[in-house]
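**Student:** build me a model:
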Amino acid sequence: EEEKDLGLLVNYSAMELSAGVVTNGYIVALNCIDWAKSRKLTSYDKIITSLAFSRFCLQFLVTLDNVLSKVYPSIFDRLQALQLYFVIWMFTNQVSLCLASCLSVFYCLKIATFNQSLFSWLKLKISRLVPLLLLGSVLYCLVTTVAFTLFIYSYSVSSHNSTDLSTNSTMSDNMKNLVEFTFLIHSVGSVFPLTVFIASSVLLIISLWRHIRKMNLNSDLNPSFRNPSTDAHVRALKSVMSFFIIYNIYFVASTFSIGNLSYLTAEWIIKVCTFVAAAYPSVHSIILILGNPKLKLASAKILHSANSDRCGGPHG
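**Tutor:** Residues are numbered from 1 along each chain as shown. The predicted structure follows:
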């Protein structure tokens, strides 16, 4: 039974890793090729390229954790190994969350229509502010991770100096304290990007909903009135709402996948949260590809070429 579970875990993790590598690697590669040709990228491309790269790293890290923790169950029994993993995971995950928030802010300022002067000013300046947004996101995550690292280092030193360190109970308490503190820091550190993401997404959803309702009202009052942008706005609304749902599900799943919290004793809940967290980097990237004309067209050409080569054979 355990071998069967291990096989399923490895296969599932391999599928998640493959999907993450293909989707996020595709976004990064295509935009890097475009940059090499033209020496410039649009603001949107800068954001999704940075986001895809961070998710590529996050996907690899989470998948590695899933496999190693099952193949080598004792790999994180040492406090130092667990500390190192949490530090790397904390930074990578925070960067992914912050960059996703940047994308939501960019969508909001580019698409939403509000009459406030500050919003109008940001709408004009957002393209120039994108590099600062990206840099600020990385610096914010770096500060959060450094603070976390310094704390666990001081905690490790104090634990090492403890006269009871040799007892199993003390080691177990140290592990439990580290996990719970990681849960706390991750939650507190994610409050700002989560708040920014929710605020910008809600504003965008409200703006799109109002615009669609106004166009439908005009269409009802005047049957000859037909605005071809209605379908585009509906698709944009669906895309934003799916992004909103997926982001929040991932936030909850990644937070509770930290594991073994005193009030989260069901192992299957932790497993589900871990698998959901591992699937997020590829699922949303697929949505980004399908919603972006350039990425969608390039992927269609690649698939068409692959199918032609496979079906045509040597005479194709």
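
**Student:** hang on, isn't Thr23 packed against Tyr280?
**Tutor:** No - using CB atoms under 8 Å, Thr23 makes no contact with Tyr280, being 11.4 Å away. Using the backbone N, CA and C atoms, a C-beta is placed for each residue, glycine as well.

**Student:** in this structure, which spans are helices?
**Tutor:** In the chain, the helices defined using DSSP state H lie at 2-38, 43-71, 79-111, 117-160, 168-189, 191-221, 229-256, 267-291, 293-312.

**Student:** want to throw the ones you listed into JSON lines with mean neighbour count?
**Tutor:** Below are the helices of the chain laid out as JSON lines (neighbours: other CB atoms under 10 Å):
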{"stretch": "helix 2-38", "mean neighbour count": "15"}
{"stretch": "helix 43-71", "mean neighbour count": "20"}
{"stretch": "helix 79-111", "mean neighbour count": "21"}
{"stretch": "helix 117-160", "mean neighbour count": "14"}
{"stretch": "helix 168-189", "mean neighbour count": "15"}
{"stretch": "helix 191-221", "mean neighbour count": "16"}
{"stretch": "helix 229-256", "mean neighbour count": "17"}
{"stretch": "helix 267-291", "mean neighbour count": "19"}
{"stretch": "helix 293-312", "mean neighbour count": "11"}
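
**Student:** mind putting those helices in TSV, mean pLDDT included?
**Tutor:** Shown next, in TSV, are these (pLDDT from 0 to 100):
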stretch	mean pLDDT
helix 2-38	75
helix 43-71	83
helix 79-111	86
helix 117-160	84
helix 168-189	69
helix 191-221	84
helix 229-256	80
helix 267-291	77
helix 293-312	69
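
**Student:** name the nearest residue to Phe251, ignoring sequence neighbours.
**Tutor:** Using CB to CB, 6 or more residues apart in numbering and skipping residues adjacent in sequence, the residue nearest Phe251 is Leu194, 6.1 Å away.

**Student:** that neighbour and Ala100 touch, don't they?
**Tutor:** No - with contact defined as CB under 8 Å, Leu194 does not reach Ala100; the gap is 9.8 Å.

**Student:** need the residues touching each of those two.
**Tutor:** Counting by CB atoms under 8 Å, 6 or more residues apart in numbering, Leu194 and Ala100 have no common neighbour.

**Student:** rewinding a little: residues in contact with the residue nearest to Phe251?
**Tutor:** Leu97, Ser101, Phe251.

**Student:** separation between Val234 and Leu203?
**Tutor:** The gap separating Val234 from Leu203 is 18 Å, by CB to CB, to the nearest Å.

**Student:** what's the closest non-adjacent residue to His239?
**Tutor:** That one is not His; residue 239 is Ser. According to CB to CB, 6+ apart, the nearest residue to Ser239 is Gly291 (5.0 Å).

**Student:** against Tyr250, how distant is the one you found?
**Tutor:** Per CB to CB, Gly291 is found 18 Å from Tyr250.

**Student:** before we move on, what about Ser101?
**Tutor:** Using CB to CB, one gets 12 Å for the distance from Ser101 to Tyr250.

**Student:** equivalent analysis for Asn93, please.
**Tutor:** Asn93 is 9 Å from Tyr250, by CB to CB.

**Student:** same thing with Ala236?
**Tutor:** Ala236 is 21 Å from Tyr250, by CB to CB.

**Student:** what's the answer for Phe114, then?
**Tutor:** Taken as CB to CB, the span from Phe114 to Tyr250 is 28 Å.

**Student:** then Ser154?
**Tutor:** The value you get for Ser154 to Tyr250, if CB to CB is used, is 31 Å.

**Student:** in the protein, which residue is most central in space?
**Tutor:** In the chain, the residue lying closest to the centroid (CA atoms, centre = their mean) is Ser96, at 4.6 Å.

**Student:** no further questions, thank you.
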